[in-house]
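**Q** Predicted model and sequence below, questions to follow.
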2 protein chains.
Amino acid sequence: MRIAMLSPINWPIPPAGYGPWEQVACNLAQGLVELGHEVTLFAAGGSRSSAKVVETVPYALCTWPPAERNRARAYDRRTGLLEGPPDARVLEQLHIAACMERAAAGEFDVVHSHLHVHALVFGRLIRCPLVSSLHGAAWVRSAHPIFKAYKDLPFVSLSNAERQLLPELNYVATVYNGIPLDAFPFEPEKEEYLLFAGRLSPEKGPAEAIEVAQRSGRRLLIAGMVEPQYEDYYNARVKPHIDGRQVEYLGLLSQKELAPIYRKAAAVLFMINWCEPCSMVGIETQASGTPLIGTRFGYLPEIIIDQETGFLVDSVDDAVAAVGKLDAISPAACRRNVETRFSVRTMAQGYDAVYRSLAQGGPALPAAVS
Amino acid sequence: MRIAMLSPINWPIPPAGYGPWEQVACNLAQGLVELGHEVTLFAAGGSRSSAKVVETVPYALCTWPPAERNRARAYDRRTGLLEGPPDARVLEQLHIAACMERAAAGEFDVVHSHLHVHALVFGRLIRCPLVSSLHGAAWVRSAHPIFKAYKDLPFVSLSNAERQLLPELNYVATVYNGIPLDAFPFEPEKEEYLLFAGRLSPEKGPAEAIEVAQRSGRRLLIAGMVEPQYEDYYNARVKPHIDGRQVEYLGLLSQKELAPIYRKAAAVLFMINWCEPCSMVGIETQASGTPLIGTRFGYLPEIIIDQETGFLVDSVDDAVAAVGKLDAISPAACRRNVETRFSVRTMAQGYDAVYRSLAQGGPALPAAVS
């Protein structure tokens, strides 16, 4: 099939550090090429892939040359123009349209968007189905009006749990994110430390992870970024506990830097209280043969096989008790858990089935153009 | 002809106070209906027109109910969602798509966008021409990438001067903004005060207007809004001179409130230093029989007939000298200047010619879909 893959343009493909949506688009394009498909990957400048890459904008938004990105917004009497930084919205429009104009000309059998809601408005204007992976986008209330206006288009949830954020969409499948398993080698021997990896935001539970570690008498390593809107939270709930001994903050790490830290961790703590759709961290943890201790939110009940690859908990108390039972978890079981269900190949096969169903005009096809 | 008029959605139609782009869409829709066209006006909820109104979003962005508009952006554990204010980008997408899906279905002979650059990406996906009025949008450097990608689509400049901001676009006509002349009645008797009306931003020259008034020994009334990004400028260059006697600040006024102030002013000062495309203030001033004193920027040389309806100046010195010569200007000449060139009827006739040319596939037609 001729598949157009519409990646976000915040980061190039593959993303060097953060960039989970781009990472999924990257992994999937690769997996689909290996299945024999003709994949055209629409992505930011500087992207590389075994799929055919169309660089729609010169740079990824987060890697734009600083001299331009930080340009002050002010009228310049010399040029007669309001000078300023690049406009992300304008660039995303160009990015999406580059794909949609070719889709309207009949060049693709399916367009697959990883772009939040911003491609939906083209769904009834092109000559092939537009399918969107949610990536948790329905978590944002302000996106609901456009989701609801296009709810008959086909959507793929990244976990069954994700659907509860907006049950009324036309879900045609759940396809879990897949990772290249080789990048996260299995390790049967663990050390004593616990790990928190992810954004240091309240819904991700870094403060609860610290409490679990402190009450368990274990060392906690923390990796991830502080989001600007949660600096107060970080300063109040996380930073005071960072002492470089029991609790150590490593900053934002790339997947490559994280891999050896996953590998040796006694467990990764996932004390979330939101509907995490399908975090890469959980998959990468299990691939490394490392147990997960996580709350019963989002996709965790779908990835954690309780008592076998980790523990599903309902409180910090439960999590502390779980740390005491980690010896009962077999690292090999953790690895097996994701080998079959969360690999790039499984993900590509899952989307392959979606595309075929849509191309055959199955019940998953978008509503006809009015 | 079946004309789709795509208004901005910052304000309802007609706008109660500020909202110049909506005002033009409003006036034009009315004028085209009077010429016998079938006009469908896509606008925010609460809009009224003699054209057929399609309310694409429940409220205009700037009049959204405050309880929703000011909602804090934060995760709500009860709903499981990231709550927050409405998303202007999402709402504008819904607005534009409501029009474009009907245009793709062949319902219109032309779509006319007043929406900055945000409709351009649909220009090659619909079954009729998409023509855009610039409204000074090319003033913003960060919009240039998308203008350049769609430079072959037809554009209307609001003045000849506006074209210098981005000369390479496919300009098919200049059509001046038109006002309902009845709303700004002619007044031959003037008082002594001068007037500044417009945003209190450096490129609009309020500081220079103050200097002209002070050196002329005239009272200056100031009407307009302080843009958040120019509060420092306002505090440094404008506010220190406001004494309620020689310099008085009236705040942001509606057209209805401004009309009697234009009417009695000795002159309106337009000491701009940017490419003002076709400000309503200048037209409304002349309609009231009031002279303009303005710099040789933007559309001022196109509206000011030097020595006859006002004075074109190159400096504050020149402007002070011009104030001394205001008796030479005939209010009737000012009124006549806009009656023929800047009325709603003239504007509607100008666009009527553009639409006909486009519908006949003239040289102004957009490039074919690739």
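**A** Received, thanks. Model, not experiment: these values are computed from the prediction.
**Q** For A:R89, give me its contacts.
**A** B:89, B:118 (Cβ atoms under 8 Å, 6 or more residues apart in numbering or on different chains). Any C-beta I mention is one placed from the backbone N, CA and C, and that applies to glycine too.
**Q** so where does it fall, helix or strand?
**A** Using DSSP states H and E, A:R89 maps to helix A:88-104.
**Q** From the chain's centroid, how far away is that helix?
**A** The chain centre lies 22 Å from the centre of helix A:88-104; the measure is Cα atoms, centre = their mean, to the nearest Å.
**Q** Next: stretch A:323-335.
**A** On the basis of Cα atoms, centre = their mean, stretch A:323-335 sits 25 Å off its chain's mean C-alpha point.
**Q** That stretch: which residues count as buried?
**A** By 16 or more other Cβ atoms under 10 Å in any protein chain shown, the buried positions in stretch A:323-335 come out as A:323, A:326, A:329, A:331, A:333-335.
**Q** And the contacts of it?
**A** Under the contact criterion Cβ under 8 Å, 6+ apart, stretch A:323-335 has outside partners A:186-188, A:190, A:194, A:212, A:216, A:218, A:266-267, A:285-293, A:305, A:307-311.
**Q** Now intersect those with the helices, please.
**A** The helices, defined by DSSP state H, take in A:212, A:216, A:285-287 from those.
**Q** any chance of those residues in a markdown table, with neighbour count, pLDDT and distance to B:P301 too?
**A** Compiled in a markdown table, these are given as follows (neighbours: other Cβ atoms under 10 Å in any protein chain shown; pLDDT from 0 to 100; distance: Cβ to Cβ, whole Å):
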| residue | neighbour count | pLDDT | distance to B:P301 |
| --- | --- | --- | --- |
| A:V212 | 28 | 98 | 72 |
| A:S216 | 21 | 98 | 77 |
| A:T285 | 29 | 98 | 68 |
| A:Q286 | 30 | 98 | 71 |
| A:A287 | 27 | 98 | 69 |
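**Q** For those residues, which two are the farthest from each other?
**A** Across those, the longest distance by Cβ to Cβ is 24.1 Å; it joins A:S216 and A:A287.
**Q** wouldn't A:T290 be in contact with A:I261 here?
**A** No. Counting by Cβ atoms under 8 Å, A:I261 is not a contact partner of A:T290; they are 9.6 Å apart.
**Q** to the chain's geometric centre, what's the distance from the lowest-mean-pLDDT helix or strand in chain A?
**A** One helix or strand of chain A scores below all others by mean pLDDT, DSSP states H and E: strand A:74-76, with a mean of 92. The chain centroid and the centroid of strand A:74-76 are separated by 38 Å under Cα atoms, centre = their mean.
**Q** re the thing from before, in strands, which of the contacts of stretch A:323-335 appear?
**A** A:194, A:267, A:292-293, A:310-311 (DSSP state E).
**Q** which one among those gets closest to B:M100?
**A** Nearest to B:M100 out of the ones in strands among the contacts of stretch A:323-335 is A:L292 (Cβ to Cβ; 45.5 Å).
**Q** For chain A, which segments count as helices?
**A** Ranges of helices in chain A, per DSSP H, are A:20-34, A:66-69, A:88-104, A:144-149, A:206-216, A:231-233, A:255-264, A:280-287, A:300-303, A:316-323, A:331-341, A:344-359.
**Q** which of the buried residues of stretch A:323-335 sit farthest apart?
**A** So for the buried residues of stretch A:323-335, where distance means Cβ to Cβ, the most widely separated pair is A:V323 and A:R335, at 20.6 Å.
**Q** Can you confirm whether stretch A:275-291 lies near chain B?
**A** Yes. For stretch A:275-291, a contact with chain B is found by Cβ under 8 Å from any Cβ of the partner chain, at A:C275.
**Q** try stretch A:58-71
**A** No. Counting by Cβ under 8 Å from any Cβ, chain B is not contacted by stretch A:58-71; separation bottoms out at 8.7 Å.
**Q** what does that stretch contact?
**A** Outside stretch A:58-71, the residues that reach it (Cβ under 8 Å, 6+ apart) are A:9-12, A:19, A:44-47, A:83-86, A:88, A:91.
**Q** Just the buried ones from those?
**A** A:9-12, A:19, A:44, A:47, A:84, A:86, A:88, A:91.
**Q** so which one among those has the lowest pLDDT?
**A** Note: of the buried ones among the contacts of stretch A:58-71, the lowest pLDDT belongs to A:G19, at 91.
**Q** Tell me how far the closest residue to that one other than its chain neighbours lies from A:L91.
**A** Spatially, and ignoring its direct neighbours in sequence, A:G19 is nearest to A:W11 (3.5 Å; Cβ to Cβ, 6 or more residues apart in numbering or on different chains). Here the criterion is Cβ to Cβ, to the nearest Å. By it, A:W11 lies 13 Å from A:L91.
**Q** do A:A322 as well
**A** 45 Å.
**Q** ok, back up a step: out of the ones in strands among the contacts of stretch A:323-335, flag the one nearest to A:R124.
**A** Closest approach between the ones in strands among the contacts of stretch A:323-335 and A:R124, by Cβ to Cβ: A:L292, at 40.9 Å.
**Q** what's the burial count for the residue nearest to the closest one when sequence neighbours are not counted?
**A** Distance criterion Cβ to Cβ, 6+ apart; nearest residue to A:L292, sequence neighbours excluded, is A:G310 at 3.7 Å. Under the neighbour criterion other Cβ atoms under 10 Å in any protein chain shown, A:G310 is assigned a count of 28.
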